[in-house]
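Student: A structural model of the following input is requested.
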Amino acid sequence: MRLPKKLTVIRHGESEQNVVRKKSTVGDNSYFTSEFLSRLGRNHRLTARGVKQIFKTKAALQRLGDTRFDAYFVSPYIRTLETALHLDFEGVDWVPHRMLRERDDWLYGLHTEQELEERFGVDRKHFVLDPIYWRTTQGESMADIELRLRLFFEEIAADGVFENVVVVAHSRVMWTLRMWFEHLSEEQIVARSDKSDGFSITNGHILQYRRSGASVVYDQVRSIDPRERKIGDEEWVDIVPKRFSNQDLTKQVEAFPRLFE
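Tutor: Residues are numbered from 1 along each chain as shown. This is a model prediction of the structure:
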């Protein structure tokens, strides 16, 4: 598979669904209105705050000199389409692609935090502890997302030679790309929940990957948070593929004592 020479991935701005979920985590379920519950999750709009976030994302891209691309892809969800709209790239044609959709969490988006704990407590525990492999009932794991993202990149590689591509998508799509391109381990992915790896993907966040020379995989990454960081301070960081010696494998295996002889 031939990956684009440079890839820019942008998370959508704050959505109505984001607000409802955040409010519910602190015990405020008043936003679970009949109008909210009757609308399909993929059709939720950006909030006014979300639009302002994307204005900051656009400004960050302008300062970085990244406003022209060979191809423009976007998840078909309304919140990502609206994000693409407010990025306001001139004279471009966006291509909605279903492979870029958010992770399918089944019915989780229709329940308050309390209801989720009462009805799906065990399921949610596994969902948090093992996000790469665990699926919600009738939902997706991160490994499932990776399979469809590989299909996406194979498809665009077959369609033509794109050296510089932009994608507007979702947080868990971006985390899956991190897992794939940056060779993150299961432990590093789980650590995202408490930000112990020093990294988060916020609304309007920008991830960029590039490969040099004859490399067929990405060898550098940089992360831009338009909300807080001073644009220009973000440096490209080398991506080092993981290799494991027998000693390394032994250490991983022995971290889990044998339960039976």
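
Student: Just confirm residue 79 contacts residue 51, I think it does.
Tutor: No - counting by Cβ atoms under 8 Å, residue 51 is not a contact partner of residue 79; they are 10.7 Å apart. C-beta coordinates here come from the backbone N, C-alpha and C atoms, glycine included.

Student: Of those two, which one has the most company?
Tutor: Neighbour totals were compared for residue 79 and residue 51, and residue 79 leads with 27 against 17 (other Cβ atoms under 10 Å).

Student: Could you find the closest non-adjacent residue to that one?
Tutor: Sequence neighbours aside, residue 15 is the residue nearest to residue 79 in space, at 4.2 Å (criterion: Cβ to Cβ, 6 or more residues apart in numbering).

Student: Check whether the one you found really touches residue 50, as I assumed.
Tutor: Yes - using Cβ under 8 Å, residue 15 is in contact with residue 50, at 6.1 Å.

Student: what touches both of those two?
Tutor: By the contact definition Cβ atoms under 8 Å, 6 or more residues apart in numbering, residue 15 and residue 50 are jointly contacted by 79, 203.

Student: the bottom helix or strand of the protein by mean pLDDT?
Tutor: Here the helix or strand of the chain ranked lowest by mean pLDDT, DSSP states H and E is helix 113-129, holding a mean of 76.

Student: so what does it touch, helix or strand wise?
Tutor: Helix 113-129 sits against helix 16-25, with contacts defined as 3 or more Cβ pairs under 8 Å, 6 or more residues apart in numbering; DSSP states H and E.

Student: Can you show me the CA trace of the helix it packs on as CSV?
Tutor: Taking C-alpha atoms only, helix 16-25 is exported to CSV below (Å, rounded to 0.1, in the frame of the first residue of the first chain):
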residue,chain,number,x,y,z
GLU,A,16,-24.3,18.6,20.1
GLN,A,17,-23.6,14.9,21.0
ASN,A,18,-20.4,15.9,22.7
VAL,A,19,-22.2,18.5,24.9
VAL,A,20,-24.9,16.0,25.9
ARG,A,21,-22.4,13.4,26.9
LYS,A,22,-20.2,15.8,28.8
LYS,A,23,-23.3,17.1,30.7
SER,A,24,-24.4,13.6,31.5
THR,A,25,-21.0,12.7,33.0
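
Student: quick one: common contacting residues for residue 79 and residue 51?
Tutor: Counting by Cβ under 8 Å, 6+ apart, the residues touching both residue 79 and residue 51 are residue 13.

Student: mind checking pLDDT for the residue nearest to residue 79?
Tutor: The predicted local distance difference test score for residue 15 is 95.

Student: Please apply the same query to residue 243.
Tutor: 89.

Student: With residue 176 instead?
Tutor: Listed pLDDT for residue 176 reads 95.

Student: again with residue 58
Tutor: Looking at residue 58, its pLDDT stands at 96.

Student: can you confirm residue 221 is in a strand?
Tutor: Yes - under DSSP: H, G, I helix; E, B strand; the rest coil, residue 221 falls within a strand.
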